[in-house]
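>>> Please find the sequence and the predicted model below.
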Amino acid sequence: EDGVDFNIQVVEQTEFIDDASFQPFKASGKQEPYSRRCANTRLVSAEKLMYICKNQLGLEKEFTEQLLPDGRSNIDGFICVFDVSLVPNRTLEKQVETTAQLLNNLIKTKKPVVLVTTKNEEGNEIFVREAERLVNRKEFRGIVPLVEVSAHENINVDQAFFLVGSMIDRTRGRVRILSYLEASRARREIMESAQEQFARIVRVEVTDYGASWTVVAKKLASCVEFQNFVDIFGVDAAQRIFRRHVKKLKDNYLSEKVARYLDLLPEVLHELFPTISSLGEEDWVLIQERIKEHQDFGRWFVQYPEDTTWMEANLFDGDASEHRIPFDVLDSTEAETVYKNLLNQLHAQQKRTELRADFKNLLEETGYVTPGKKLDEVRVLFMGRECFEALPEEELLQIYDIHQQDLIERSKRNFQELLLEKIGRASCRE
């Protein structure tokens, strides 16, 4: 952060294990114990190959062969790793004893030493507290700083090495190390921000569900958001987010298509079966068969080959001018619901028509309804009648007004006929 470059070379002190006996290989001649060997500040190991992976042993020719420069290395600082996770058959007392022995030997070298607790993402509180007590012992207090690390979550890993570097280069201030809780929170914020920014740029740049990851990755390669995300999560994670986004685009496209088809379906069904009598009370499966047999089937529906679903046809072979409903859509529960709703609607319409007719007949049969009378004046006569109780007030008034107009017109005609009849009689007498 201050513009200081660190060139860090890491040497991991270890012992090779025999894959048959699972015991360390025994070196020829006398060998110092590990607790003393790991504290060497000058390493001599001529013509040693760089470690690639555990499968390298015995198969060196199949891996990149890179020799240590001259087999000589000087050690400027040490990082001692203390695992705070639970491991079967490993006692805490033995681990603390071994670590204390290592630290005692390391501080004798007069080189900077840092104790790093690792696997804190699954750390055991007792182990964590024991590590803290260890560095607070009189012989280590103020000499061996503690850094809480999670290599799996990449928390405080770089900071551990920066701390050793700042302790080696004493001309500069020591790096401030956050606690695991603080560092974890900061790391989580960085990760969430990187995810949000990358997801946003994917949403903006990728609008076609048929987009290719190879093409999109090349397009986004120069974007800072893409680079940051890949640095933190890797290319595979970026590809997974891309695939989820493309799947969402595809699902949204198909959902919109289905919604349009279902919006059109009531109109189509009404066109094919305009009345309740033509539609009948049949099961939806039987109705589908009748639709297929209808003479206007090809006008409203399209049927794809058996080995092709309508979704595949729409996604890959879609014709923008094709607005007919794929017959496969009728197999959905949503389509059946549309049919049932239409059936209920037709029943309701038929029932309302019957109720209107019944109320009109009731008005005709009631002698108390005379021209000019308001509905409120005769309302009590119709109380309890289904046609009167079931219809809304607006329709009742509408039917009653029509009936009043009919009564008035009928009265006019009767009056005119009566006048003409009297005029005729008067003429005859003259």
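Nice, I can see it.
>>> hey, where'd the strands end up in the stretch 251-400 of the chain?
301-302, 325-326 (DSSP state E, counting those that start in this stretch).
>>> the helices in the stretch 101-250 of the chain, which residues?
Secondary structure of the stretch 101-250 of the chain (DSSP state H, counting those that start in this stretch): helices at 125-135, 157-168, 180-205, 213-220, 224-233, 235-272.
>>> can you give me the angle the second one makes with helix 180-205?
Read it as helix 157-168. For helix 157-168 against helix 180-205, the angle by axes from the mean of the first three to the mean of the last three Cα atoms, to 10 degrees is 130 degrees.
>>> So which helix or strand of the protein has the lowest pLDDT on average?
helix 310-316 (a mean of 67; mean pLDDT, DSSP states H and E).
>>> Count the neighbours of F78 for me.
23 (other Cβ atoms under 10 Å). To be clear about C-beta, it is placed using only N, CA and C from the backbone, and glycine gets the same treatment.
>>> and the helices of the stretch 101-250 of the chain, which is most packed in?
helix 157-168 (a mean of 19; mean count of other Cβ atoms under 10 Å).
>>> For the stretch 51-200 of the chain, give me the ranges with low pLDDT.
Within the stretch 51-200 of the chain, the ranges that satisfy pLDDT under 70 run 51-52, 54, 57, 68-71.
>>> nope, the stretch 201-350 of the chain is what I was after
For the stretch 201-350 of the chain (pLDDT under 70), the answer is 281, 307, 313-321.
>>> still on that earlier bit, may I see the helices of the stretch 101-250 of the chain organised as CSV, with distance to R141 added?
Listed next are the helices of the stretch 101-250 of the chain as CSV, based on distance: least, Cβ to Cβ, whole Å:
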stretch, distance to R141
helix 125-135, 7
helix 157-168, 16
helix 180-205, 20
helix 213-220, 50
helix 224-233, 36
helix 235-272, 42
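>>> And the ones you listed: which comes nearest D5?
Proximity to D5, assessed across those by Cβ to Cβ, is greatest for helix 157-168 (9.8 Å).
>>> ok, residues contacting the closest one?
6, 8, 76-79, 112, 114, 116, 145, 147, 149-151, 172-175, 177-178, 183 (Cβ atoms under 8 Å, 6 or more residues apart in numbering).
>>> again, only this time at 10 Å
If you take Cβ atoms under 10 Å, 6 or more residues apart in numbering as the criterion, helix 157-168 is touched by 1-2, 4-8, 10, 76-79, 81, 111-116, 118, 145-151, 156, 172-178, 183.
>>> Need the strands of the stretch 251-400 of the chain in a markdown table (columns: distance to L381).
A markdown table is the format used below for the strands of the stretch 251-400 of the chain (distance: least, Cβ to Cβ, whole Å):
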| stretch | distance to L381 |
| --- | --- |
| strand 301-302 | 52 |
| strand 325-326 | 51 |
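>>> which of those sits most buried?
Ranked by mean neighbour count under mean count of other Cβ under 10 Å, those are led by strand 325-326, which reaches a mean of 20.
>>> Who are the packing partners of that one?
helix 235-272, strand 301-302, helix 310-316 (3 or more Cβ pairs under 10 Å, 6 or more residues apart in numbering; DSSP states H and E).
>>> can we see that at 7 Å?
Contact here means 3 or more Cβ pairs under 7 Å, 6 or more residues apart in numbering; DSSP states H and E; on that basis strand 325-326 packs against helix 235-272.
>>> what angle sits between the helix it packs on and helix 180-205?
Using the same axes, to 10 degrees: helix 235-272 against helix 180-205 is 50 degrees.
>>> Run the chain-centre distance for helix 235-272.
16 Å (Cα atoms, centre = their mean, to the nearest Å).
>>> Same question for stretch 173-184.
33 Å.
>>> So what would you say the end-to-end distance of that stretch is?
24 Å (Cα to Cα, to the nearest Å).
>>> Residues contacting that stretch, please?
With contacts defined as Cβ atoms under 7 Å, 6 or more residues apart in numbering, stretch 173-184 is touched by 120, 147-148, 155-156, 159, 162-163, 166-167, 186.
>>> And for stretch 83-99?
By Cβ under 7 Å, 6+ apart, stretch 83-99 touches 80, 82, 117-120, 122-124, 126-128, 130-131, 134.
>>> now the end-to-end length of that stretch.
Its start and end residues considered, stretch 83-99 measures 10 Å (Cα to Cα).
>>> try stretch 278-287
11 Å.
>>> Then stretch 384-397?
Terminal-residue distance, stretch 384-397 (Cα to Cα): 17 Å.
>>> So what's the gap between that stretch and the chain middle?
With Cα atoms, centre = their mean, you get 52 Å for stretch 384-397.
>>> tell me the mean pLDDT over that stretch?
Averaging pLDDT along stretch 384-397 yields 89.
>>> buried residues in it?
Applying a neighbour-count criterion of 16 or more other Cβ atoms under 10 Å, one finds 387-388, 391, 396 buried in stretch 384-397.
>>> Over to stretch 273-289?
273, 276, 279, 284, 287-288.
>>> which one of the residues you listed sits closest to Q101?
Checking these one by one against Q101 (Cβ to Cβ), the nearest turns out to be W284, at 79.5 Å.
>>> between the strands of the stretch 251-400 of the chain, which gets nearest to C53?
Per Cβ to Cβ, nearest to C53 of the strands of the stretch 251-400 of the chain: strand 325-326, 52.9 Å.
>>> what does that closest one contact?
261, 264-265, 268, 300-302, 304, 310.
>>> and it, which strands flank it?
strand 301-302 (parallel) (DSSP bridges).
>>> hmm, back to that, how about the strands of the stretch 251-400 of the chain, which one is nearest F140?
strand 325-326 (74.6 Å).
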